[in-house]
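Undergrad: here's my sequence, what's the structure:
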Amino acid sequence: MRYSIVPFILLLAACHSTGSTEWPAYNGGSNAQKHSTLKQIDTANVQHLQVAWQYRTGDADTVKNSQIQCNPLVVNGILYGISPRLKLFALHAATGAPKWVFDPFEKNAAANVNNARGLAYYAEGDSSARLFYTAGAFLYCISAADGRPVKTFGSNGRIDLHDHLGESAKSLYVTSTSPGMIYKDQIIMGTRVSEGADAAPGHIRSYDVHTGQLKWIFHTIPQPGEFGHDTWKDPNAWRHIGGANAWAGFSLDEKRGILFAPVGSAAFDFYGARRLGTNLFANCLLALDANTGRRIWHFQGIHHDVWDRDLPAPPALVTITYEGKPTDAVAQTSKTGFIFLLNRETGKPLFPVVEKEVPHQSPLPGEVLSPTQPYALHPKPFVRQGMTEADLLTQVPDSSYQDIKTRFATLRKSHMFEPPSKEGTLMFPGFDGGGEWGGPAFDPATGMLYVNANEVPWILQMVDVAAKQNGRETLQAAGRRLYQQHCISCHGADKKGGGNYPSLLDVEKRYTFQALQELLRTGRRMMPAFSYLHPEERKAVTQYVLNMPAGGTYTGPTAPTDSFRNLPYNMAGYKKFQTKEGYPAVTPPWGTLSAIDLNTGEYRWKVPLGESALGNTGTENYGAPVVTAGGLLIIAATPDSKLRIFNKRNGALLWETKLPAPGFATPAVYEVNGKQYIVIACGGGKLGTKPGDSYVAFALGE
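TA: The predicted structure follows:
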């Protein structure tokens with residue numbers, strides 16, 4: 001397939017659609033429906049799609065497996081997107097011709113580069129249009145006209161997201177992977193923070209779009225006198241505990257002025273003895289007054305989470321037929337596969353949600369788990385919620401099957417809420433869902449909700465954290481101890497990595513001592529900065545990771561300054577339960593796409609999503625679908641580098657094409673000069689795939 005920046009001539013007659021012709025906000029709009037009213041491209045002519053243009057950003061990192069997860073915006077014929085290295089750019093949406101580029105790291109090549117899933121657009125008039133997005137720890141305000149920082153916002157066009165989180169958070173990892181929400185003259189922000197014991201608090205904040213001044217703050221970990229403070233057994237936990245962050249972004253009922261914020265788990269993610277209680281507002285869907293930040297209602301999806309089962313995406317704002325009349329609701333997907341359908345104004349479930357008894361006797365001393373968890377009885381879960389020996393993958397050689405059978409027998413696996421353990425606990429649904437950060441799409445014309453999901457098992461294993469021995473330590477011994485405290489959950493006890501976290505084996509071939517020291521100080525992409533560690537601690541960790549000789553005597557601190565971080569257990573790494581060949585150890589499908597009628601809670605259809613070497617098995621997938629009035633359901637998301645379009649009515653595959661790299665992102669659909677386009681960011685990088693740097697747009701051709 002030949003790519004060109006010149007659009008193909010549209011030979012078919014153009015038909016103008018009603019509704020928005022743009023893609024003006026993340027997820028298509030503040031309602032997070034990912035729906036387009038455009039219907040020029042439909043089920044009858046979708047086979048005529050061809051590449052209209054391709055734009056390459058030129059900054060993919062093939063060594064560090066960079067990514068693009070951006071859902072671009074299209075406003076007034078201009079497309080705004082983000083590159084792998086977080087350059088913000090503007091293109092002419094009809095041709096892909098560049099207009100301007102802003103590089104936040106032009107003078108800082110070693111800066112911490114996070115993933116960015118989108119950006120926000122604000123305008124009182126064309127002359128004042130501005131864009132907001134996060135690079136590193138800073139929220140930038142950029143002129144949409146010329147790509148220059150708006151100097152009157154914050155400090156020369158940016159604000160530090162560490163601000164207003166407390167003095168102890170100043171040196172901790174804080175960024176934002178999802179864009180803020182524009183409401184009136186506000187930009188409302190959530191954050192991504194560390195998931196370890198060193199996490200900053202995830203408070204939600206609103207800033208003035210003109211000045212950057214703080215307008216309000218909502219404490220997701222309630223402070224004394226605030227609602228929910230008594231759900232933490234230790235009244236001082238708020239001083240030490242982090243997380244409970246709205247990392248997935250927001251949806252907004254603009255008419256009612258209600259902000260909906262899905263909140264993640266409290267830190268440390270997998271051992272909660274330092275944060276006993278049900279832990280509001282962790283794992284909650286929050287409904288806040290967007291004008292003031294006041295809580296209107298909340299719904300907690302997991303009590304005292306020790307499985308990292310964050311609410312992974314903003315809820316879709318939907319209107320369904322309930323008890324014979326139109327009812328405004330929110331549809332919240334989850335990593336466990338439940339869909340919680342809640343009244344938009346009250347938070348009351350429209351389909352039954354009950355508290356069910358779950359295993360709660362933890363094998364880890366000090367842990368106290370919740371005896372019940374909420375279950376949505378309808379719709380049925382969109383993924384499997386457990387597996388038995390009969391579910392093990394058999395399409396592999398017998399030696400491989402016997403291997404997973406033997407390992408399966410050693411795991412704790414009796415229940416979806418089986419407590420974390422030293423033996424290893426089966427996580428199915430896994431750490432990455434069920435539902436993931438892309439979230440669902442909703443068709444307001446039919447009441448259908450479309451959900452893509454993962455069905456890949458993982459293993460959660462806890463390990464003891466070594467304590468400092470009496471007497472002097474070598475740098476190598478101290479480094480091993482500190483690695484267990486701070487690094488093992490991502491890179492594993494064997495340094496082999498796991499999930500989306502890289503191996504550290506042979507890292508000495510890629511990093512010098514000085515370069516790795518700097519990386520620990522600044523962080524990079526998904527890796528948080530460890531600037532809060534004492535320089536001697538970073539030196540010890542570097543020596544251990546680089547497999548250097550024992551060296552001199554360690555002279556740094558012997559324990560964390562904050563005793564809340566001095567945990568007896570850590571997680572041994574993000575390990576998928578796989579065969580020797582690298583396949584998920586469970587019978588397919590491993591990834592699915594489902595259509596659910598929210599008026600009835602019944603499934604209309606369900607198909608595998610993605611191809612593996614074993615065929616149409618479905619695969620892990622990241623990024624969301626988009627549904628259109630033309631009868632289409634459009635999604636990339638899979639590691640096989642394909643963009644697929646399904647018939648939204650029956651799940652039939654209508655069209656697919658190979659992309660330059662996997663599109664782990666949500667498409668955007670728009671129209672310019674009477675011509676409809678579909679654009680997808682092709683960044684790759686996840687799941688061992690090659691990194692890419694392309695945005696590719698498709699339109700009807702001959």
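Undergrad: only C-alpha atoms for contact and neighbour calcs from this point on.
TA: Fine.
Undergrad: pLDDT weak spots in the stretch 51-200 of the chain?
TA: 109-112, 125-127 (pLDDT under 70).
Undergrad: how many other residues sit next to the spatially closest residue to residue 120 that is not a sequence neighbour?
TA: Among residues not flanking residue 120 along the chain, residue 132 sits closest, at 5.1 Å (C-alpha to C-alpha, 6 or more residues apart in numbering). Residue 132 sits with 25 neighbouring residues when counted by other C-alpha atoms under 10 Å.
Undergrad: my guess is residue 132 contacts residue 142. True?
TA: Yes: look at residue 132 against residue 142 with C-alpha atoms under 8 Å: they come within range, at 6.4 Å.
Undergrad: so where's the stretch 301-450 of the chain shaky on pLDDT?
TA: For the stretch 301-450 of the chain, no range has pLDDT under 70.
Undergrad: now the strands for it?
TA: For the stretch 301-450 of the chain, the strands defined by DSSP state E, counting those that start in this stretch cover 316-322, 325-333, 339-343, 353-357, 372-376, 425-427, 441-443, 448-454.
Undergrad: what's the angle from the fifth one to strand 353-357?
TA: Going by axes from the mean of the first three to the mean of the last three C-alpha atoms, to 10 degrees, strand 372-376 is angled at 140 degrees with respect to strand 353-357.
Undergrad: which other helices and strands contact strand 372-376?
TA: Judged by 3 or more C-alpha pairs under 8 Å, 6 or more residues apart in numbering; DSSP states H and E, strand 372-376 is in contact with strand 353-357.
Undergrad: next, the buried residues of the strand it packs on.
TA: By neighbour count with 16 or more other C-alpha atoms under 10 Å, strand 353-357 contains the buried residues residue 353.
Undergrad: what sits up against it?
TA: 340, 371, 372, 373, 374, 375, 376, 377 (C-alpha atoms under 8 Å, 6 or more residues apart in numbering).
Undergrad: could you redo the last one with a cut-off of 10 Å?
TA: With contact meaning C-alpha atoms under 10 Å, 6 or more residues apart in numbering, strand 353-357 is reached by 338-342, 370-378, 417.
Undergrad: tell me the strands beside that strand, with direction?
TA: strand 372-376 (antiparallel) (DSSP bridges).
Undergrad: any idea how far residue 626 is from the residue nearest the centre of the chain?
TA: For the chain, residue 437 is the residue whose C-alpha lies nearest the centre (C-alpha atoms, centre = their mean; 4.1 Å). Distance, residue 437 to residue 626, by C-alpha to C-alpha, to the nearest Å: 14 Å.
Undergrad: before we move on, back to that, correct me, but the residue nearest to the centre of the chain touches residue 623?
TA: Yes: with contacts counted by C-alpha atoms under 10 Å, residue 437 reaches residue 623, the gap being 6.9 Å.
Undergrad: which residues do these two both contact?
TA: Taking C-alpha under 10 Å, 6+ apart as the contact rule, residue 437 and residue 623 both touch 117, 665.
Undergrad: break down the stretch 451-600 of the chain into its strands, ranges please.
TA: 458-460, 462-464, 569-571, 575-576, 591-597.
Undergrad: pick the most buried one from those.
TA: Stretch with highest mean neighbour count among the strands of the stretch 451-600 of the chain: strand 458-460 (a mean of 25; mean count of other C-alpha atoms under 10 Å).
Undergrad: which elements pack onto it?
TA: strand 425-427, strand 575-576 (3 or more C-alpha pairs under 10 Å, 6 or more residues apart in numbering; DSSP states H and E).
Undergrad: what would these look like in TSV with distance to residue 691?
TA: TSV is the format used below for the helices and strands packed on strand 458-460 (distance: least, C-alpha to C-alpha, whole Å):
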stretch	distance to residue 691
strand 425-427	28
strand 575-576	22
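Undergrad: thinking again about what came up before, could the strands of the stretch 301-450 of the chain go into a markdown table alongside distance to residue 612?
TA: Formatted as a markdown table, the strands of the stretch 301-450 of the chain follow (distance: least, C-alpha to C-alpha, whole Å):
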| stretch | distance to residue 612 |
| --- | --- |
| strand 316-322 | 30 |
| strand 325-333 | 26 |
| strand 339-343 | 28 |
| strand 353-357 | 36 |
| strand 372-376 | 32 |
| strand 425-427 | 22 |
| strand 441-443 | 25 |
| strand 448-454 | 14 |
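Undergrad: how about those strands, which one is nearest residue 394?
TA: strand 425-427 (18.6 Å; C-alpha to C-alpha).
Undergrad: what packs against the closest one?
TA: helix 398-410, strand 458-460, strand 575-576.
Undergrad: give me whichever of these is most buried.
TA: Of the helices and strands packed on strand 425-427, strand 458-460 is the most buried (mean count of other C-alpha under 10 Å), at a mean of 25.
Undergrad: mind listing residues that contact that strand?
TA: Against strand 458-460 from outside (C-alpha under 10 Å, 6+ apart): 270, 307, 408, 411-413, 419-432, 489, 499, 571-578, 584-585.
Undergrad: ok, now with 8 Å
TA: With contact meaning C-alpha under 8 Å, 6+ apart, strand 458-460 is reached by 420-421, 424-431, 571-577.
Undergrad: quick check: closest non-adjacent residue to residue 152.
TA: residue 211 (5.9 Å).
Undergrad: what number of residues lie near the one you found?
TA: Number of residues near residue 211 (other C-alpha under 10 Å) recorded here: 18.
Undergrad: who are the neighbours in contact with it?
TA: By C-alpha under 8 Å, 6+ apart, residue 211 lies in contact with 152, 153, 154.
Undergrad: which SS class is residue 79?
TA: With DSSP: H, G, I helix; E, B strand; the rest coil as the basis, residue 79 sits in strand.
Undergrad: isn't it right next to residue 88, touching?
TA: No: the pair residue 79 / residue 88 is not scored as a contact, 10.6 Å apart, by C-alpha under 8 Å.
Undergrad: what is in contact with the two at once?
TA: Counting by C-alpha under 8 Å, 6+ apart, nothing touches both residue 79 and residue 88.
Undergrad: okay, the strand or helix carrying residue 285 in PDB with CA atoms only?
TA: Residue 285 belongs to strand 284-289 when assigned by DSSP states H and E. What follows is strand 284-289, C-alpha atoms only, in PDB (Å, rounded to 0.1, in the frame of the first residue of the first chain):
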ATOM      1  CA  CYS A 284     -15.100   5.100  42.900                       C
ATOM      2  CA  LEU A 285     -17.100   6.700  40.200                       C
ATOM      3  CA  LEU A 286     -17.400  10.300  41.500                       C
ATOM      4  CA  ALA A 287     -20.100  12.700  40.500                       C
ATOM      5  CA  LEU A 288     -18.900  16.200  41.300                       C
ATOM      6  CA  ASP A 289     -20.400  19.700  40.800                       C
END
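Undergrad: list the helices and strands it packs on?
TA: Packed next to strand 284-289, using 3+ C-alpha pairs under 8 Å, 6+ apart, are strand 258-262, strand 295-300.
Undergrad: just give the strands next to the last one in its sheet, each with its orientation.
TA: Based on DSSP bridges, the pairing partners of strand 295-300 within the sheet are strand 284-289 (antiparallel).
Undergrad: between strand 325-333 and the strand it pairs with, find me the angle.
TA: 130 degrees.
Undergrad: and strand 284-289, average pLDDT?
TA: What strand 284-289 shows for mean pLDDT is 99.
Undergrad: list of residues touching it?
TA: For strand 284-289, the surrounding residues in contact (C-alpha under 8 Å, 6+ apart) are 257-264, 294-302, 311.
Undergrad: may I see the PyMOL selection of the buried members of those residues?
TA: To isolate the buried members of those in PyMOL, using 16+ other C-alpha under 10 Å:
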select buried, resi 257+258+259+260+261+262+263+264+297+298+299+300+301+302+311
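Undergrad: picking that back up, quick one: closest of the helices and strands packed on strand 284-289 to residue 391.
TA: Checking the helices and strands packed on strand 284-289 against residue 391 by C-alpha to C-alpha gives strand 295-300 as the closest, at 30.9 Å.
Undergrad: what's in contact with the closest one?
TA: Taking C-alpha under 8 Å, 6+ apart as the rule, strand 295-300 contacts 280, 281, 282, 283, 284, 285, 286, 287, 288, 289, 346, 347.
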